[in-house]
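1. Pasted the sequence and its predicted model underneath.
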Amino acid sequence: MEHEDAKDPKDPKDRTGPKEHPPVVRPARPEDLPRLVELVHEHVAYEKSAPRPPDLADRLGPQLFAEGARQWVLLAQAPDGSVAGYAACSAEFAFWDARHYLHMDCLYLAEEARGHGLGAALMDGVAGLARELGLDQVQWQTPDWNEGAIRFYDRLGAAGAPKRRYTLSVPATTAAVPPSPAAPTH
């Protein structure tokens, strides 16, 4: 049996039509939260990161769907209509450039959905979101060990910049802490 990918779509003898439906990318809706959270947990496992809180859907919902929300999630749908991936974005400010840009915090596709054009469709959707918001740049990071993602971003023409990402936990206090002498007061 011949593999479907081996057929030439330009071959006039091949009358079976296209093998794949065009990718569908759409904004997330509140009813997508359960599947989105499943994908987030898959993404976390893929990146070997620490587990996320069990109430993630409850915490994400208001950030994504409240009036005036400044976080956006685009979903990629497989040909069967199932949600197969996501891109999560927020508008940020680049101090050195004194301009806003769209920060893509996450882009993830379920393993079985890779290689079918959904990643490129998500990136097109992210670029479209930036344009819609009046922003002329998208920035993101990927782990340096994720060679597949790096090849994908390079093929898109994106420019990489060597940086290391840090996080600092800031524990809550019960008493008000006076500002340090070096901290600006407004």
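-> Happy to help now that I have it.
2. Sketch out the low-pLDDT regions of this structure for me.
-> Scanning the chain with the threshold set as pLDDT under 70 gives 1-20, 167, 175-186.
3. redo that, cut-off 50
-> Flagging of the chain using pLDDT under 50 yields the residue ranges 1-18.
4. can you give me the helices for it?
-> Assigned by DSSP state H, the chain shows helices spanning 33-46, 56-65, 118-132, 147-156.
5. and the ones you listed as JSON lines, adding distance to residue 97 and mean neighbour count?
-> C-betas here are computed from N, CA, C, even on glycine. Formatted as JSON lines, the entries for these read as follows, by distance: least, Cβ to Cβ, whole Å; neighbours: other Cβ atoms under 10 Å:
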{"stretch": "helix 33-46", "distance to residue 97": "29", "mean neighbour count": "16"}
{"stretch": "helix 56-65", "distance to residue 97": "26", "mean neighbour count": "15"}
{"stretch": "helix 118-132", "distance to residue 97": "15", "mean neighbour count": "18"}
{"stretch": "helix 147-156", "distance to residue 97": "20", "mean neighbour count": "13"}
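6. For the ones you listed, give me TSV that also has distance to residue 74.
-> Supplementary listing: the helices of the chain in TSV, determined by distance: least, Cβ to Cβ, whole Å:
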stretch	distance to residue 74
helix 33-46	11
helix 56-65	11
helix 118-132	4
helix 147-156	16
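7. I figured residue 136 hits residue 130, correct?
-> Yes - assessed by Cβ atoms under 8 Å, residue 136 is found in contact with residue 130 at 7.1 Å.
8. Can you give me the neighbour number for the closest residue to residue 41 other than its chain neighbours?
-> Of all residues not flanking residue 41 in the chain, residue 52 sits nearest, at 6.8 Å (Cβ to Cβ, 6 or more residues apart in numbering). Using other Cβ atoms under 10 Å, the number of residues around residue 52 comes to 14.
9. go on, residue 100?
-> Residues within reach of residue 100, counting by other Cβ under 10 Å, total 16.
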